[in-house]
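A.B. asks: Sharing a sequence plus its predicted fold:
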Amino acid sequence: MVQATPFLLVLFLALGAHGLSAKKCLLTGRWVNDLGSNMTITTVNANGDFAGSYHTAVTATSNEIKVSPLQGSQQKGPNQKGQPTFGFTVNWSFSDSITVFTGQCFVDDDGKEILRTMWLLRSHVENIKNDWKATR
């Protein structure tokens, strides 16, 4: 019986783990980052496309900050396992620049959904000689 105990424990863990479903991270809803910017994603369609709005708390312009539209896409492949990769573009309503974001939606150990992203911002410049300073 001593030899059967480890086997039963392994079998129980294997069967029990199979029955647990991984928590899925959903992009829809309102998200707020560490700097106070917030975005809202309304729906993600069957193809993974989504739209929403972004209200930044951080800007280099002196213009009045306005809510700006965003368009994006979530990877819908079979290997996502509930924590999808995604990308979206924000067309800033108050400046002549556009930002693209790419990232992944995670569920942490406490069940909290977290987005981790990187971004590139492209500002308008008057000529190609100033192209070097247009992307941050």
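C.D. replies: Here it is on my side, so go on.

A.B. asks: who are the neighbours in contact with the nearest residue to residue 27 once chain neighbours are set aside?
C.D. replies: Leaving aside its chain neighbours, residue 27 sits nearest to residue 41 (5.0 Å; criterion: Cβ to Cβ, 6 or more residues apart in numbering). Every C-beta, even on glycine, is put in place using the N, C-alpha and C of the backbone. With contact set as Cβ atoms under 8 Å, 6 or more residues apart in numbering, residue 41 has these partners: 27-29, 31, 50-52, 70, 72.

A.B. asks: gap between residue 112 and residue 91?
C.D. replies: Distance from residue 112 to residue 91, counting by Cβ to Cβ, to the nearest Å: 30 Å.

A.B. asks: and those two? which has more neighbours close in?
C.D. replies: For the pair residue 112 and residue 91, the greater number of neighbours falls to residue 91 (13 against 10), based on other Cβ atoms under 10 Å.
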